[in-house]
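*Asks:* pasting the structure only:
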């Protein structure tokens with residue numbers, strides 16, 4: 001069952017990995033395009049597409065981390081390390097996006113500044129100033145969007161941490177329930193043994209009780225027999241002793257006189 005769950009988690013992780021690679025590839029291609037674009041609607045659209053792709057990749061990595069933590073054994077360590085590498089890749093892409101936006105903005109500002117100094121027509125100067133104001137507004141909106149994305153990312157990370165804690169608590173409760181079940185099984189085995197011992201002791205107690213009753217009955221019978229013999233059985237009178245014959249000694253022969 002554990003092997004089946006691990007295989008299912010690995011397949012889900014592979015699915016998220018494919019989505020992550022697609023999102024990061026699209027984001028990298030869009031970042032490379034930013035260097036060739038001038039400030040305007042198209043550049044903002046491309047930058048927004050990059051931000052959206054990175055947000056999608058970030059959410060996918062969070063799902064990958066959750067799937068990695070739900071596995072066990074060596075597979076868990078490998079998947080967690082892989083998810084961390086993917087998160088580092090997203091951070092690298094964000095730095096590249098910021099560098100590309102900064103480079104494009106700097107080039108645009110330098111070009112506009114040169115154009116303002118070289119243009120003598122007030123109408124063209126005013127148009128350049130309007131474009132510069134729009135650029136500043138776009139930069140400000142982009143900064144606000146970045147701040148919102150950071151706040152959303154922080155909320156997502158906090159949610160992820162809460163989910164991870166819940167998963168750990170559930171795993172701890174599952175292990176505790178398994179230990180409790182093992183303890184109950186051991187207690188049931190002990191109760192069965194105790195029951196058998198008590199039954200054996202009960203049988204021996206019954207046998208000892210029966211033996212005691214038999215001994216008591218035998219003693220009572222012996223006492224009754226002794227009493228009966230004393231009261232109802234009298235021995236016959238003793239016959240008088242026979243007279244003893246006394247043999248008197250014969251007289252000694254007469255002594256002859258000397259010659």
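*Replies:* Happy to help now that I have it. Every value quoted in this text rests on a predicted model; they were computed, and no experiment measured them. Residues are numbered from 1 along each chain as shown.

*Asks:* pLDDT averaged over whichever strand or helix holds residue 54 - what is it?
*Replies:* Taking DSSP states H and E as the criterion, residue 54 maps to helix 41-70. In this model, helix 41-70 has an average pLDDT of 85.

*Asks:* helices and strands around that helix, which ones?
*Replies:* Contacts defined by 3 or more CB pairs under 8 Å, 6 or more residues apart in numbering; DSSP states H and E place helix 41-70 against helix 2-34, helix 74-118, helix 122-232. Where C-beta positions appear, they are placed from N, C-alpha and C, glycine not excepted.

*Asks:* in JSON lines: these, plus distance to residue 61 and mean neighbour count.
*Replies:* Putting the helices and strands packed on helix 41-70 into JSON lines (distance: least, CB to CB, whole Å; neighbours: other CB atoms under 10 Å) gives the following:
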{"stretch": "helix 2-34", "distance to residue 61": "6", "mean neighbour count": "16"}
{"stretch": "helix 74-118", "distance to residue 61": "5", "mean neighbour count": "15"}
{"stretch": "helix 122-232", "distance to residue 61": "10", "mean neighbour count": "11"}
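
*Asks:* got the angle for the helix holding residue 54 vs helix 122-232?
*Replies:* Calculated by axes from the mean of the first three to the mean of the last three CA atoms, to 10 degrees, helix 41-70 forms an angle of 10 degrees with helix 122-232.

*Asks:* chain center to helix 41-70, what's the gap?
*Replies:* Put simply, helix 41-70 sits 31 Å off its chain's centre (CA atoms, centre = their mean, to the nearest Å).

*Asks:* now do the buried residues in that helix.
*Replies:* Residues of helix 41-70 classed as buried by neighbour count (16 or more other CB atoms under 10 Å): 43-44, 46-47, 49-51, 53-70.

*Asks:* what is the orientation angle of it with helix 2-34?
*Replies:* 160 degrees.

*Asks:* what sits closest to residue 50 if chain neighbours are left out?
*Replies:* Once flanking residues are discounted, residue 50 sits nearest to residue 30: 4.4 Å by CB to CB, 6 or more residues apart in numbering.
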